[in-house]
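> Below is the structure, and that's it, no one-letter string:
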């Protein structure tokens, strides 16, 4: 029944490793997002895809690469992890992008990444 | 550009107290405004929204009115409960740039 799901929920890894976080939504939405939330709860958008096409690509290191194999999935791959990448990463989806009539976002439960 | 400014927390209230969390925005065009709530250990979920000036969004006893003249969307609740303890985010969606803009979040703790 879960609308937006993410795996894994927790991820503890060493500096320099490469890791992926997966996101799936079963709402039939066309738009998906990745956000990073730091320890002070500040939420920053990273990427947005609409119908599998990248529409927002904020200033994030190119070690972060999103991949959308289909409309229901948006995965985040991170190369050469650094200490500063430790955060909670949220996936979200909406029927339409911002400005559309059906723009309400539905968030996943988050992936807590800790880089040691 | 578009931005959202929220009052800083944390906010601690006793049960049944009145809550106001201030939110002001800067936007071009006619944005939609939202309040999202994040309960401990969970993702954000929509609390209420308003899509045009003078609209009032309401849900679970919370209300916010879209005030274009003061560029504000303050969140209010007449009587808070312990279960309202969470982080509250004000947000806007601009009709340009395909993007949502979130405030910094306000942490609320309600004590019995």
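Sure, I can see it. As the structure is a prediction and not an experimental result, all values here were calculated from the model. Residues are numbered from 1 along each chain as shown, chains lettered A, B, ... in the order given.
> CA atoms for contacts and neighbours, from now on please.
OK.
> quick one: residue B:51 from chain A, how far?
To chain A, residue B:51 is 9 Å away according to C-alpha to the nearest C-alpha, to the nearest Å.
> In contact with that residue, which residues?
B:31-33, B:66 (C-alpha atoms under 8 Å, 6 or more residues apart in numbering or on different chains).
> Format those residues as CSV; extra columns: pLDDT, secondary structure and distance to chain A.
As requested, the contacts of residue B:51 are exported to CSV (pLDDT from 0 to 100; DSSP: H, G, I helix; E, B strand; the rest coil; distance: C-alpha to the nearest C-alpha, whole Å):
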residue, pLDDT, secondary structure, distance to chain A
B:31, 88, coil, 7
B:32, 90, strand, 7
B:33, 93, strand, 10
B:66, 96, coil, 16
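> Looking at those, state which has the most neighbours.
When neighbours are counted by other C-alpha atoms under 10 Å in any protein chain shown, residue B:33 leads these with 28 neighbours.
> show me where the chain has strands.
No chain in the question, so chain A it is. Taking DSSP state E as the test, the strands found in chain A are A:4-7, A:10-13, A:19-25, A:31-37, A:43-50, A:53-57, A:64-70, A:73-78, A:87-94, A:106-107, A:111-115.
> Please refer instead to chain B.
B:3-6, B:11-14, B:19-21, B:23-26, B:32-38, B:44-50, B:56-59, B:62-65, B:75-77, B:86-93, B:100-102, B:106-111.
> any weak-confidence spans in chain A?
Applying pLDDT under 70 to chain A flags residues A:1.
> Find the centremost residue of it, please.
Centroid-nearest residue in chain A, with C-alpha atoms, centre = their mean: residue A:34, separated by 2.7 Å.
> Residue A:111 - nearest residue in space that isn't next to it in sequence?
In space, and not counting its chain neighbours, residue A:111 is closest to residue A:9: 4.5 Å by C-alpha to C-alpha, 6 or more residues apart in numbering or on different chains.
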